[in-house]
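*Asks:* got a sequence here, can you build the structure:
(chains A and B)
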Amino acid sequence: MTILILFSLLGIAFLVFLFALVVLPSPSNPEGSAKSLISAHHALSVLQHSLLSERLTNQIFSDEDLKYVSSIGSPEVVELLLAERRRLALLWVAQVRSQIRNLMRFQRTQSGFYANLSVSAELSLVNGFWSLLLFCRALEFFIVLRGPYRARSAVRRTVSAAAHLCDLTGGPIAFLSSMAADLTVAPYRGGKAAK
Amino acid sequence: MRTSPILCYYPLAYADQWPMLTSALFWVGVSLELSLVLRGLQQGLFLRYPTFFSYLLWVVLADGARYYIFRYHWPLYAHVYWPSQFVSLILGYGVILEILQLTLTRYPGAARFARNLVVLIFACIFAYVGFRALTSPQWTPASTNAELERDLRAAQVLVLAGVLAVIAYFRIPLGKNLKGIISGYGIFLASSVITLAMSSYAGSSFDKAWLYIQPSIFLTCLLIWIFTTWSYHPNPGPGSEMELEDYPAYAASARAALGAVRSNLGKVVRP
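*Replies:* All right, here's what the predicted structure looks like:
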């Protein structure tokens, strides 16, 4: 009976996987590494210049506004502010996660082309990205449970970690800054445009 | 146990019966197989997908031979069925290798990843078989041909799943032909594993159902192949090829950054 269950589960799981791969939407339009390079460049730029900026994170996670509103003495307004800040904070984490996912997609597309790919190094890279994405999920959970103001320390570390990631990975694709505009207009120029 | 020319066992209890439905399934199946092979020759698909069309050609020839022996040389039937089935199985591994080669040709990194994964899967299977053989002397990989085929088909499922996982991970686009070949062969493999496992478990009580289930599933696969490999559809390559000049440097930077990120974020969890 155990053997029957095991083989049946294997068959069914494979059918589900096959269905997901073949029938559900996949990169039906060839995504192309040029597109992923542009996305990665965009992700880095959004992270560095907007999402991870001290001004924005301070604005969302600082409790100055809360102190001010509390001083007015209206609990309804305080509640409203807390709800709005929580929504904003969650939106911020979702945006950071989405840009990290773009960087991850870029890395996957590029590694597929690299002939001397080291499988173990690749797995370690994947593990790193997944850990970061998992942490963002945990941060979302934390914000939902305890509110944006108690997550400030975690946010500071996320910002510093993600900024470090941008600094280190940004170098090798810095050449894109000058090309991004051209590529957006004419993504296909035949051959290996960046080689 | 008697086997039939319609790609499954033909139980002795039903040997005198040649129900109209199974007969219809057989002839429709052979017609579709023949159409696919002829169309493949006409459209030059034999050159594009040589192993897959060789596999189909073999299925047509084996079906014809099995039918002849089933009708006119019945005692020889069982001696022909299993060897021909194992040739199909070996050609099936060739089809999986062809899928790997055709989808990943333009992605050397992904191809390398897939090759390592396939070797790992085989190493795990052999290690499991070796372990069982060493630890329990009574154990045999399979006590019947059906069990052996079930195990080998399960290994094919694992290998194909590995290849598909690499395709999904690297987001490699698939053309209509390859999608069809993968879907049809994948459905055939998964259903074979399930029906062979049921047959091994239920024994002769499953035989009558099997007479209809397996040919019907194979017909479904043939229909998928008819719709998807009727004419040539090239596999889409990367939209515009553009690679980093120095991927290893990028990967090393990203790894270092992610390592720092992990240790930094770890402090949040352990303040």
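*Asks:* any low-confidence regions in chain A?
*Replies:* Across chain A, the ranges flagged by pLDDT under 70 are A:24-37, A:48, A:161-162, A:164-195.
*Asks:* from residue B:51, how far off is residue B:45?
*Replies:* Distance of residue B:45 to residue B:51, given as Cβ to Cβ, to the nearest Å: 12 Å. In short, each C-beta sits where N, CA and C put it, glycine included.
*Asks:* now swap in residue A:65 and tell me
*Replies:* 67 Å.
*Asks:* can you check residue A:123 too?
*Replies:* 30 Å.
*Asks:* looking at the two, which is more packed in?
*Replies:* Higher neighbour count among residue A:123 and residue B:51: residue B:51, with 19 against 11, using other Cβ atoms under 10 Å in any protein chain shown.
*Asks:* buried set for the helix or strand hosting that one?
*Replies:* Using DSSP states H and E, the element containing residue B:51 is helix B:50-72. With burial defined by 16 or more other Cβ atoms under 10 Å in any protein chain shown, the residues of helix B:50-72 counted as buried are B:51-60, B:62-63, B:66-67, B:69-70.
*Asks:* hmm, stretch B:78-95 in reach of chain A?
*Replies:* No: Stretch B:78-95 does not reach chain A (Cβ under 8 Å from any Cβ of the partner chain); its nearest approach is 14.3 Å.
*Asks:* now stretch B:161-177
*Replies:* Yes: legend: contact between stretch B:161-177 and chain A by Cβ under 8 Å from any Cβ is shown at B:161, B:164-165, B:167-174.
*Asks:* what residues sit buried inside that stretch?
*Replies:* Buried, per 16+ other Cβ under 10 Å, within stretch B:161-177: B:161-164, B:166-167, B:169-177.
*Asks:* for chain A, which segments count as helices?
*Replies:* In chain A, the helices defined using DSSP state H lie at A:2-22, A:32-46, A:54-61, A:64-72, A:75-113, A:119-146, A:152-170, A:176-185.
*Asks:* quick one, which of those is nearest to residue B:136?
*Replies:* helix A:2-22 (15.0 Å; Cβ to Cβ).
*Asks:* what is that closest one packed up against?
*Replies:* Counting contacts by 3 or more Cβ pairs under 8 Å, 6 or more residues apart in numbering or on different chains; DSSP states H and E, helix A:2-22 packs against helix B:145-169, helix B:176-202.
*Asks:* okay, those in TSV with mean pLDDT next?
*Replies:* Listed next are the helices and strands packed on helix A:2-22 as TSV, based on pLDDT from 0 to 100:
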stretch	mean pLDDT
helix B:145-169	87
helix B:176-202	89
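*Asks:* tell me the most buried of those helices?
*Replies:* Highest mean neighbour count among the helices and strands packed on helix A:2-22 (mean count of other Cβ atoms under 10 Å in any protein chain shown): helix B:176-202, with a mean of 23.
*Asks:* what helices or strands is that one leaning on?
*Replies:* helix A:2-22, helix B:77-104, helix B:145-169, helix B:207-228.
*Asks:* in stretch B:82-91, what counts as buried?
*Replies:* Within stretch B:82-91, judged by 16+ other Cβ under 10 Å, the buried ones are B:84-85, B:88-89, B:91.
*Asks:* alpha carbons only: can I get that stretch in PDB?
*Replies:* Taking Å, rounded to 0.1, in the frame of the first residue of the first chain, the C-alpha atoms of stretch B:82-91 are listed here in PDB:
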ATOM      1  CA  TRP B  82       8.500  -6.800 -22.600                       C
ATOM      2  CA  PRO B  83      11.600  -6.500 -24.700                       C
ATOM      3  CA  SER B  84       9.800  -4.100 -27.100                       C
ATOM      4  CA  GLN B  85       8.600  -2.100 -24.100                       C
ATOM      5  CA  PHE B  86      12.100  -1.800 -22.800                       C
ATOM      6  CA  VAL B  87      13.300  -0.500 -26.100                       C
ATOM      7  CA  SER B  88      10.600   2.200 -25.900                       C
ATOM      8  CA  LEU B  89      11.800   3.000 -22.400                       C
ATOM      9  CA  ILE B  90      15.400   3.400 -23.500                       C
ATOM     10  CA  LEU B  91      14.200   5.600 -26.400                       C
END
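*Asks:* farthest-separated two in the residues of stretch B:161-177 next to chain A?
*Replies:* Between all members of those, the farthest pair (by Cβ to Cβ) comes out as B:161 and B:173, at 19.1 Å.
*Asks:* how about a markdown table for the helices and strands packed on helix B:176-202, with distance to residue B:23 added?
*Replies:* Converted to a markdown table, the helices and strands packed on helix B:176-202 look like this (distance: least, Cβ to Cβ, whole Å):
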| stretch | distance to residue B:23 |
| --- | --- |
| helix A:2-22 | 28 |
| helix B:77-104 | 16 |
| helix B:145-169 | 23 |
| helix B:207-228 | 10 |
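*Asks:* so where is chain B shaky, pLDDT-wise?
*Replies:* Short version for chain B, where the test is pLDDT under 70: B:1-19, B:137-143, B:237-271.
*Asks:* domain ranges for it?
*Replies:* B:2-240, B:246-271 (automatic domain parsing).
*Asks:* figure out which of those is closest to residue A:74.
*Replies:* Closest among the domains of chain B, using Cβ to Cβ: domain B:246-271, at 33.4 Å.
*Asks:* residue A:136 touches residue A:97, doesn't it?
*Replies:* Yes: judged on Cβ atoms under 8 Å, residue A:136 makes contact with residue A:97 at a distance of 4.2 Å.
*Asks:* mutual contacts of these two, please.
*Replies:* With Cβ atoms under 8 Å, 6 or more residues apart in numbering or on different chains applied, the contact sets of residue A:136 and residue A:97 do not overlap.
*Asks:* please verify my assumption that residue B:58 contacts residue B:87.
*Replies:* Yes: between residue B:58 and residue B:87 there is a contact under Cβ under 8 Å: 6.3 Å.
*Asks:* distance of the nearest residue to residue A:104 once chain neighbours are set aside relative to residue B:104?
*Replies:* Nearest non-adjacent residue to residue A:104, counting by Cβ to Cβ, 6 or more residues apart in numbering or on different chains: residue A:129, 4.3 Å away. Going from residue A:129 to residue B:104 by Cβ to Cβ gives 22 Å.
*Asks:* these two: which is more packed in?
*Replies:* The neighbour comparison of residue A:129 against residue B:104 (other Cβ under 10 Å) goes to residue B:104, with 23 against 20.
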